[in-house]
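Visitor: have a look; sequence and predicted model below, questions after that.
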Amino acid sequence: MVEQSSAGTALAVRDLTKVFDARGTRVTALDAVSLTVPRGEIHGIVGRSGAGKSTLIRCLTGLESPTSGEVVVAGEDITALRGAELRAARRRFGVVYQHANLLDSRTAADNIALPLEVAGWDKADRDARVTELLDLVGLTDRAGNHPGQLSGGQQQRVGIARALAARPEILLCDEPTSALDAATTGSILALLRELRDRLGITVVIITHEPSVVREICDAVTLLGDGAVVEQGRLSEVIADPTTRLHRELIPLVEPATDGLVRLQVALGHPDSTVGSIDGIIALLRHEGIEADVAAATVETIAGRRVGRLLVELADATTTDRARDLLEQARLHPEVAA
Ligand SMILES: Nc1ncnc2c1ncn2[C@@H]1O[C@H](COP(=O)(O)OP(=O)(O)OP(=O)(O)O)[C@@H](O)[C@H]1O
């Protein structure tokens with residue numbers, strides 16, 4: 001669990017449950033979900049399709065009312081609010097969507113100004129704020145461009161500036177990079193991290209991309225069938241090869257099923273006595289076990305070098321001995337034939 005004293009907490013979700021009743025069929029989209037996000041942290045929410053991610057974000061922003069549970073922002077349970085109070089509470093959230101959905105008839109600057117117009121800011125304040133925001137997202141020279149004149153990444157920057165316009169405390173990002181290529185994804189993630197560092201804003205990111213979590217999240221929640229499957233600080237879950245998140249966040253290419261025996265091992269666990277790919281192969285060969293690397297993923301995540309390795313054995317009869325050796329080295333081997 002991600003624990004933090006309530007004073008430093010930006011968002012606390014407690015036992016959030018949402019049951020849809022569609023023509024007599026009950027679907028539990030959220031099942032007693034709890035999570036705590038400290039101020040200024042980036043929290044990733046991951047899970048397969050249908051896990052409940054969209055429902056969670058809709059309950060957070062007040063677009064959907066939960067069946068039970070609490071969403072506490074700045075000490076206030078917003079699920080209990082209605083009408084003008086709920087609208088005011090929703091302003092504590094800025095939302096970034098997968099597609100920026102900008103208005104084609106407006107320039108980048110005017111798209112960013114839109115929520116300020118709705119909130120009744122006067123023109124001089126709006127203009128000053130928009131200038132600040134364009135600078136913040138690196139689009140000062142694009143202020144007068146219409147969406148059609150901007151790249152996908154630039155449009156998403158406008159979407160982020162628009163979400164930040166009214167100075168929300170929490171930035172909710174719903175698959176913010178899913179529609180972008182790898183390089184643009186990298187620059188948008190760098191921008192989100194920079195915004196957190198400069199503004200101290202709290203960020204919640206819903207994503208199905210492991211790389212997003214690996215690159216910028218401080219903590220992560222894995223949802224499955226509407227419930228929290230696992231939760232923890234990235235640096236901890238990434239170091240523990242026994243967690244589901246470790247597997248989700250460090251995917252390994254699955255080789256063809258060709259009858260060869262393969263052992264999957266985890267790299268980077270603090271207790272392991274061997275830390276490198278070469279070291280693992282040498283350990284086996286030293287004992288007369290012919291082995292090779294079938295696939296490997298090694299990355300530095302949360303300052304720690306971690307990964308997974310698939311070791312291919314030339315002779316299936318050496319499987320048990322190889323597994324014992326790898327077990328002794330605390331590499332958490334598993335047969336993946
Ligand atoms: N309005 C609704 N009425 C009935 N069932 C719903 C409704 N909205 C969502 N659900 C159901 O709730 C469950 C969770 O859906 P949700 O859209 O939150 O998942 P998700 O993790 O966001 O999936 P995806 O990544 O595909 O968007 C699913 O079984 C879905 O069919």
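Guide: Perfect, I can see it now.

Visitor: alongside the ligand, which residues does this structure contribute?
Guide: Within the chain, the positions adjacent to the ligand are 20, 22, 27, 29, 47, 49, 50, 51, 52, 53, 54, 55 by CB under 6 Å from any ligand atom. All C-beta atoms are positioned from the backbone trio N, CA, C, and that covers glycine.

Visitor: show me the contacts for the last one.
Guide: Just to be clear, that refers to residue 55. By CB atoms under 8 Å, 6 or more residues apart in numbering, residue 55 lies in contact with 18, 29, 30, 64, 226.

Visitor: adding neighbour count, write the residues you listed out as JSON lines.
Guide: Output for the contacts of residue 55, formatted as JSON lines (neighbours: other CB atoms under 10 Å):
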{"residue": "18", "neighbour count": "22"}
{"residue": "29", "neighbour count": "23"}
{"residue": "30", "neighbour count": "29"}
{"residue": "64", "neighbour count": "17"}
{"residue": "226", "neighbour count": "23"}
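
Visitor: neighbours of residue 335, just the number please.
Guide: Counted with other CB atoms under 10 Å, the neighbours of residue 335 add up to 13.

Visitor: same check, this time on residue 211
Guide: Residue 211 has 16 nearby residues by other CB under 10 Å.

Visitor: how far away is it from residue 148?
Guide: 29 Å (CB to CB, to the nearest Å).

Visitor: let me see the ranges of the strands in the chain.
Guide: 9-22, 25-38, 42-46, 68-73, 76-77, 93-96, 170-174, 202-206, 219-224, 227-233, 261-267, 291-301, 304-313, 334-335 (DSSP state E).

Visitor: picking that back up, just the buried residues of the residues of the chain next to the ligand.
Guide: Buried subset of the residues of the chain next to the ligand (neighbour count, 16 or more other CB atoms under 10 Å): 29, 47, 51, 52, 53, 54, 55.

Visitor: ok so, going back, what's the lowest-pLDDT member of the residues of the chain next to the ligand?
Guide: pLDDT is lowest at residue 22 among the residues of the chain next to the ligand; the value there is 82.

Visitor: you'd agree residue 52 is up against residue 30?
Guide: Yes - using CB atoms under 8 Å, residue 52 is in contact with residue 30, at 5.0 Å.

Visitor: which residues do the two both contact?
Guide: Common neighbours of residue 52 and residue 30, counting by CB under 8 Å, 6+ apart, are 18, 226, 227.

Visitor: just those residues now: which is nearest the ligand?
Guide: residue 226 (6.3 Å; CB to the nearest ligand atom).

Visitor: please report phi then psi for that closest one.
Guide: Main-chain torsions, residue 226, degrees, to the nearest 10: phi 80, psi -10.

Visitor: that one and residue 207, how far apart?
Guide: Distance, residue 226 to residue 207, by CB to CB: 17 Å.

Visitor: could I get the buried residue list for stretch 107-117?
Guide: In stretch 107-117, counting by 16+ other CB under 10 Å, buried: 107, 108, 109, 110, 111, 112, 113, 114, 115, 116.

Visitor: ok, stretch 289-299 next?
Guide: For stretch 289-299, a neighbour-count test (16+ other CB under 10 Å) marks 289, 291, 294, 295, 296, 299 as buried.

Visitor: just how off-centre is it within its chain?
Guide: 28 Å (CA atoms, centre = their mean, to the nearest Å).

Visitor: can I get the CA coordinates of it in CSV?
Guide: Provided in CSV are the C-alpha atoms of stretch 289-299 (Å, rounded to 0.1, in the frame of the first residue of the first chain):
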residue,chain,number,x,y,z
ILE,A,289,25.2,-26.8,-18.3
GLU,A,290,25.1,-25.5,-21.9
ALA,A,291,22.9,-22.4,-21.9
ASP,A,292,22.2,-19.4,-24.0
VAL,A,293,20.2,-16.2,-23.9
ALA,A,294,16.8,-16.5,-25.7
ALA,A,295,15.5,-13.0,-24.8
ALA,A,296,16.3,-10.3,-22.3
THR,A,297,14.9,-7.0,-21.1
VAL,A,298,17.2,-4.8,-19.0
GLU,A,299,16.4,-1.3,-18.0
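
Visitor: avg pLDDT for that stretch?
Guide: In this model, stretch 289-299 has an average pLDDT of 89.

Visitor: rewinding a little: let me know the closest of the buried residues of stretch 107-117 to residue 172.
Guide: If you rank the buried residues of stretch 107-117 by distance to residue 172 using CB to CB, residue 115 comes first, at 14.2 Å.

Visitor: let me know the pLDDT of the spatially closest residue to the closest one that is not a sequence neighbour.
Guide: Counting by CB to CB, 6 or more residues apart in numbering, residue 115 lies nearest to residue 165, which is 4.8 Å off, once chain neighbours are set aside. Confidence at residue 165, expressed as pLDDT, is 96.

Visitor: ok, residue 165 - contacts?
Guide: Neighbour list for residue 165: 94, 112, 113, 114, 115, 116, 129, 130, 133 [criterion: CB under 8 Å, 6+ apart].
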